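In: One predicted model, sequence on top.
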Amino acid sequence: MDKFTKLTGVAAPLPIVNIDTDMIIPKDYLKTIERTGLRKGLFAEMRFKEDGSENPDFVLNKPAYRNAQILVAGDNFGCGSSREHAPWALLDYGIRCVISTSFADIFYNNCFKNGILPITVSPEDLEKLLDDASRGANATLTVDLEAKTISGPDGGVISFDLDDFKRHCLLNGLDDIGLTLQKSAAIAAFEQQNAAARPWA
């Protein structure tokens with residue numbers, strides 16, 4: 001998993017409440033267990049019309065936001081089913097950070113396992129960030145995980161809180177497998193001792 005330390009990128013405004021995982025990645029794209037190739041399904045029902053052409057009104061189809069790496073979204077982002085394909089699709093598109101006033105618990109935790117930083121801010125701070133994100137090509141935010149700050153294009157700074165363990169994992173690029181591998185020496189020692197004590201096992 002890639003480390004997350006500091007990210008400077010275009011922020012796309014998505015001021016819709018209760019964006020559920022089916023909106024993030026529709027069920028038609030859940031047949032794969034691969035983490036790549038899902039970008040085409042991200043927000044597919046909003047990004048594309050019924051004939052398959054792009055919806056020009058959807059934010060990620062607008063020229064200024066096509067390469068957005070940050071989403072500034074409405075309350076209760078990631079609600080609905082627990083599909084891990086939702087953060088996979090966001091990451092495959094290039095989204096590394098989602099900012100909202102609240103997240104569904106399962107989606108929130110799945111983000112950290114996939115190298116995405118979900119940030120919770122107050123409604124007042126979200127309004128400021130949505131305003132920053134509405135500036136098109138000038139909608140650039142800097143997210144500093146070490147300092148736990150979000151800096152806007154006008155120099156304004158917003159602080160955010162984050163669990164120390166989750167922050168440590170993102171800063172060091174550690175998913176569940178990475179955390180386990182950190183204990184590989186201790187695991188090997190245990191296996192050796194266990195094999196000597198229980199040779200029949």
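Out: Nice, I can see it.
In: ok, I25 touching E45?
Out: No - the pair I25 / E45 is not scored as a contact, 9.9 Å apart, by CB atoms under 8 Å. The way it works is simple: take the backbone N, C-alpha and C, and place the C-beta from them, glycine included.
In: Compare neighbour counts for the two and give me the winner.
Out: Per other CB atoms under 10 Å, whichever of I25 and E45 has more neighbours is I25, with 25 against 15.
In: ok, the more buried one - contacts?
Out: L38, G41, L42, A44, R83, H85, A86, W88, A89 (CB atoms under 8 Å, 6 or more residues apart in numbering).
In: Now rank the residues you listed by neighbours and give me the top one.
Out: Ranked by the number of neighbours (other CB under 10 Å), the contacts of I25 place A86 first, at 30 neighbours.
In: That residue belongs to a helix?
Out: Yes - secondary structure of A86 (DSSP: H, G, I helix; E, B strand; the rest coil): part of a helix.
In: who's in contact with the spatially closest residue to D175 that is not a sequence neighbour?
Out: Distances taken as CB to CB, 6 or more residues apart in numbering put M1 closest to D175, at 4.5 Å, once the chain neighbours are dropped. Going by CB under 8 Å, 6+ apart, M1 touches K113, N114, G115, G173, L174, D175, G178.
In: Considering these, which possesses the most neighbours?
Out: Neighbour max across these (other CB under 10 Å) = L174, 20 neighbours.
In: So what's the predicted local confidence for it?
Out: At L174, the predicted lDDT confidence score is 91.
In: hang on, isn't T21 packed against E84?
Out: No - counting by CB under 8 Å, T21 does not reach E84; the two are 9.1 Å apart.
In: Looks to me like V10 is in a helix.
Out: No - per three-state DSSP, V10 lies outside any helix segment and is strand.
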